[in-house]
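Visitor: Pasted the sequence and its predicted model underneath.
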Amino acid sequence: MTAARRYAVYLAPPSDGALWRFGSAALGYDAETGAALAAPDIAGFDAAAWHQATAEPRRYGFHGTLKAPFRLADGASEDDLVQLMARCAAGHHAFEMPPLEVRAIGPFVALVPAVPSPKLEDLARSAVLELDGLRAPLSASEIARRRPDRLSARQLGYLETYGYPYVLDEFRFHMTLTGPLPEPERVQALNALTAAFAASGADVPATITDTALYVQEPGAPQFRLLRRYPLGATQ
């Protein structure tokens, strides 16, 4: 089978804002320009150790997931996806993100909203439901990577139906900053990133004005930001 592009629908902060700069610097990669970035000064980690700690999230670029990576179904085209994404984004309005906090989520560290955001949750729900008709079914290896034996019955049902277990009422928005880390390194990263985030100017609420389509070319190591779709745009 010929390798196919993979797509993902993400929330990506404005690329001229402090939040995008902070997240991209933390990962060592700017998904909009494709540029590798120098490792930041993270207390307790040298450049090589931090590069390894962020290897997993760097593959995807800085983002918050709305619809997890997928391939297009047979008969579906990128033009179909572009049109449907524009229509989905047009049904929502720009909104202010709640303040974000650096937290540990299981073994990794991420930025998460300090309080719930119904507008964000509604946007994610729309992306999952309205775009799923273009998604190819998961392969057996893709299902296995989601560790179905560790999922709840509801999460397993979502994996089978939507290709991702953490959607709809299981959705928890986050912007990943590290890969899985052993507890001592995770605590160190949590403390260092909390201080760096506070010093960056990125800890003020960001206004979200669009959704973003990311793409991974066959054989490419990372996703790139392909295009943004304004919220509330006129069709």
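Guide: Everything's here; your move. Residues are numbered from 1 along each chain as shown.
Visitor: and Leu19, what element?
Guide: Using DSSP states H and E, Leu19 sits within helix 18-27.
Visitor: can you list contacts of that helix?
Guide: 12-14, 30-32, 37, 40, 42, 54, 57-58, 61-62, 100, 111, 175, 177, 193, 196-197, 200-202, 204, 206 (Cβ atoms under 8 Å, 6 or more residues apart in numbering). The way it works is simple: take the backbone N, C-alpha and C, and place the C-beta from them, glycine included.
Visitor: After that helix, which helix or strand is next? Please name it.
Guide: helix 47-53.
Visitor: mind exporting that next one as PDB, just the C-alpha atoms?
Guide: Written as PDB, here are the backbone C-alpha positions of helix 47-53 (Å, rounded to 0.1, in the frame of the first residue of the first chain):
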ATOM      1  CA  ALA A  47      20.600  20.500  25.600                       C
ATOM      2  CA  ALA A  48      21.000  16.900  24.700                       C
ATOM      3  CA  ALA A  49      18.800  15.700  27.600                       C
ATOM      4  CA  TRP A  50      16.100  18.200  26.900                       C
ATOM      5  CA  HIS A  51      16.100  17.300  23.200                       C
ATOM      6  CA  GLN A  52      15.500  13.700  24.200                       C
ATOM      7  CA  ALA A  53      12.800  14.700  26.700                       C
END
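Visitor: Show me which residues of it are buried.
Guide: The neighbour-count check on helix 47-53 (16 or more other Cβ atoms under 10 Å) flags 50, 53 as buried.
Visitor: Which other helices and strands does that helix contact?
Guide: Under the contact definition 3 or more Cβ pairs under 8 Å, 6 or more residues apart in numbering; DSSP states H and E, helix 47-53 sits against no other helix or strand.
Visitor: same question for that helix, mean pLDDT?
Guide: The predicted model assigns helix 47-53 a mean pLDDT of 95.
Visitor: Alright, that wraps it up for me.
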